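Visitor: need a structure here:
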Amino acid sequence: MNFIKDSIILVIGFLIKLIFTLLIDRFIATNILPDLYGVYKYSVTIATLFSNIAGLGFQSSIVRTISINKNNNLYIKKVISHSLFLILFSIIILICIINTEVFYNIFNISIEVFGIIAFAIIGLTLNQFIIGIFSGLKDVKVKIIVNDIFQPLLFFVLLFLFPNSINVLFISKLFVWSILITTILNLFFANKKLVNLYGSFTFKEINSNTSIRDYYKYTLPILVTTIFIGFSLSADKIVLSKIIDAEQIGLYFSAFTLSNILGFVLTSLLFLFLPIASTFYGKGKLLGGSLVSAYISKWLMLVSFIPFWLLFNYSEDILIWFYSVEYKNASYALKILAIAGFINVSVGFTGQSLLALGDSFSQMIIRFVGVLVTLLLAYILGINYGINGIAYSVLISLFLTNFLQITVAYYKFKVALIQKVNVISYSYILMVMFGLYMRNTIAHFDNFIIGFIVDIFIYSLLTFLFRIINVKDYKVVKLIH
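Guide: Alright, predicted model coming up:
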């Protein structure tokens, strides 16, 4: 596998997805009121949460399982078939649970809007499982073309084909259709790929005596972890829906959506990282695996600093420019969420490293702690400080969970996910931030775009002059190869 080529392709694909996602978000936010925008985004958040639960953890465990067993045809066929059956069964159960008054009361969600968006759970769940299969096979094409480009492009085109019909219910229907059509394509290409590699899946093979107990044993903690991760990532919005009005939720989502830009490189490279790390750690190459992880964290931080500085230093300007003046009150929350996102990206794939090491149990415990901390802090800080308090709860929770994951990896496996190269990089970024702050203080530009361009020029020049990227980075790339 050509790591550089696949990484570039993945980042480009995810960048295209990010652009269309942001354009879609802007179109919706500027064509409906902030409170309805909040209702729509909250409904999508809950649907995504329950699609992760419906995947039963198989969307993550299938990656490592295929990576280390790809030549065991019978085992792979049984794992995929049984996983798919259980996922479909869980989807049916979840949809039955969702379609109750108790559910709507607990999550304080719109019956009209979520009643439509709930159907996307079917597609979202299956899409994640299929992406996991292709990740295990180290095949990036379908993920990029179908999931990163086609789905957001389809949704974007559908929105602009019916501009006179735009309302929150119609937008919800278009979202569901874009997801379900994408699922059909994913199933088609997955079937074609798997049949070419392993032959047709026969009933006899699926029900053979081959034991997959180890697969279930590895997956179970991941399922619980997935639930904790889902609620941890959604806790801020769930608490918001209970203590703040819909318009404030809309403001928070504007800041949260923009802060997600920071994670786009992390999310795109996750497709490659987990099978690579699993291969290193599965062969007992702990030193090599930890070195790769440390340098990938460094590269992620250097790249993500550019969007971080835009969102942090020019938060109010970017909210007014991208959305409208109605959303400028979310600027402080955006600063906090930008810091949270930058920290999360800068430490790299801490949780995924534990999964690659085969320690899904520790990851489960850590995520459980993360959920409790997020819920507690979100409620306490949210009541007292509104959306800014909610943003602080996200920052504290992300810092805590990453710290625990790094600590467990070091003391349990002697794997140092943060190394000297990372400490040097962190120091460099702090120096750059201080320098750019002084530049903004001494020579402020009225046009924030010009100011940002000057800042990035200075950052790029300093990165080159200090040789932050050097021969050691190229050696690590060769090691990955």
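
Visitor: let me see the contact set for the closest residue to Trp321 other than its chain neighbours.
Guide: The spatially closest residue to Trp321, leaving aside those adjacent along the chain, is Phe448, at 7.7 Å (Cβ to Cβ, 6 or more residues apart in numbering). C-beta: built from backbone N, CA, C; applies to glycine. Contact analysis of Phe448 by Cβ atoms under 8 Å, 6 or more residues apart in numbering lists Tyr314, Asp317, Ile318, Trp321.

Visitor: one more: Phe160?
Guide: By Cβ under 8 Å, 6+ apart, the contact list for Phe160 reads Phe27.

Visitor: helix, strand, or coil at His444?
Guide: What DSSP: H, G, I helix; E, B strand; the rest coil gives for His444 is coil.

Visitor: which SSE is the closest residue to it other than its chain neighbours in?
Guide: Nearest non-adjacent residue to His444, counting by Cβ to Cβ, 6+ apart: Gly451, 7.1 Å away. For Gly451, the element it lies in under DSSP states H and E is helix 448-465.

Visitor: do the same with Lys138
Guide: Using DSSP H and E, Lys138 sits in no helix or strand.

Visitor: need phi/psi at it.
Guide: Dihedral pair for Lys138: phi 60, psi 40, per degrees, to the nearest 10.

Visitor: touching, Phe119 and Val176? I think so.
Guide: Yes: the criterion here is Cβ atoms under 8 Å, and Phe119 meets it with Val176 at 5.0 Å.

Visitor: my guess is Leu479 contacts Gly288, does it?
Guide: Yes: the pair Leu479 / Gly288 is scored as a contact, 6.2 Å apart, by Cβ under 8 Å.

Visitor: can you give me the strands for this protein?
Guide: For the chain, no strands are identified by DSSP state E.

Visitor: show me what the longest helix belonging to it is packed against.
Guide: Longest helix in the chain, counting residues (DSSP state H): helix 360-413. Applying 3 or more Cβ pairs under 8 Å, 6 or more residues apart in numbering; DSSP states H and E, one finds that helix 360-413 contacts helix 213-243, helix 246-259, helix 331-346, helix 350-356.

Visitor: out of those, which comes closest to Gly55?
Guide: Closest to Gly55 of those is helix 213-243 (Cβ to Cβ; 6.9 Å).

Visitor: ok, the nearest residue to Ile91 once chain neighbours are set aside - how many residues close by?
Guide: Closest residue in space to Ile91, ignoring its immediate chain neighbours: Ala54 at 4.9 Å, by Cβ to Cβ, 6+ apart. Neighbourhood size, Ala54 [other Cβ atoms under 10 Å]: 27.

Visitor: most neighbours among the contacts of Phe448, please name it.
Guide: Busiest of the contacts of Phe448 [other Cβ under 10 Å] is Ile318, holding 23 neighbours.

Visitor: what sits against that residue?
Guide: Shown in contact with Ile318 (Cβ under 8 Å, 6+ apart): Leu258, Leu310, Leu311, Leu334, Phe448.

Visitor: which of the residues you listed count as buried?
Guide: By neighbour count, with 16 or more other Cβ atoms under 10 Å, those hold Leu258, Leu310, Leu311, Leu334, Phe448 as buried.

Visitor: next, count neighbours for Val432.
Guide: Using other Cβ under 10 Å, Val432 has 19 other residues around it.

Visitor: is it true that it touches Phe305?
Guide: Yes: if you go by Cβ under 8 Å, Val432 and Phe305 touch, sitting 7.4 Å apart.

Visitor: ok, residues contacting stretch 55-62?
Guide: By Cβ under 8 Å, 6+ apart, the surrounding residues in contact with stretch 55-62 are 52, 79-80, 83, 86-87, 90, 125, 128-129, 131-133, 136, 215, 218-226, 274, 355, 360.

Visitor: what is in contact with Val432 and Phe305 at once?
Guide: Common neighbours of Val432 and Phe305 are listed as Tyr459 (criterion: Cβ under 8 Å, 6+ apart).

Visitor: follow-up on the earlier one: ok, the residue nearest to Trp321 to Thr350 distance?
Guide: Going from Phe448 to Thr350 by Cβ to Cβ, to the nearest Å gives 33 Å.

Visitor: neighbours of the residue nearest to Thr279 when sequence neighbours are not counted, how many?
Guide: With Cβ to Cβ, 6+ apart as the criterion, Thr279 has its nearest non-adjacent residue at 6.1 Å, and that residue is Ser67. For Ser67, the count of nearby residues is 20 (other Cβ under 10 Å).

Visitor: from Phe466, how far out is Ser67?
Guide: Taking Cβ to Cβ, one finds Ser67 at 37 Å from Phe466.

Visitor: and what of Phe308?
Guide: According to Cβ to Cβ, Phe308 stands 19 Å off from Phe466.

Visitor: those two: which is more packed in?
Guide: More neighbours surround Phe308 than the other of Phe308 and Phe466, with 23 against 13 (other Cβ under 10 Å).

Visitor: list the contacts for the closest residue to the more buried one other than its chain neighbours?
Guide: Counting by Cβ to Cβ, 6+ apart, Phe342 is the residue found nearest to Phe308 once chain neighbours are left out, at 4.2 Å. The contact partners of Phe342, taken as Cβ under 8 Å, 6+ apart, are Leu262, Met301, Ser304, Phe305, Phe308, Phe312.
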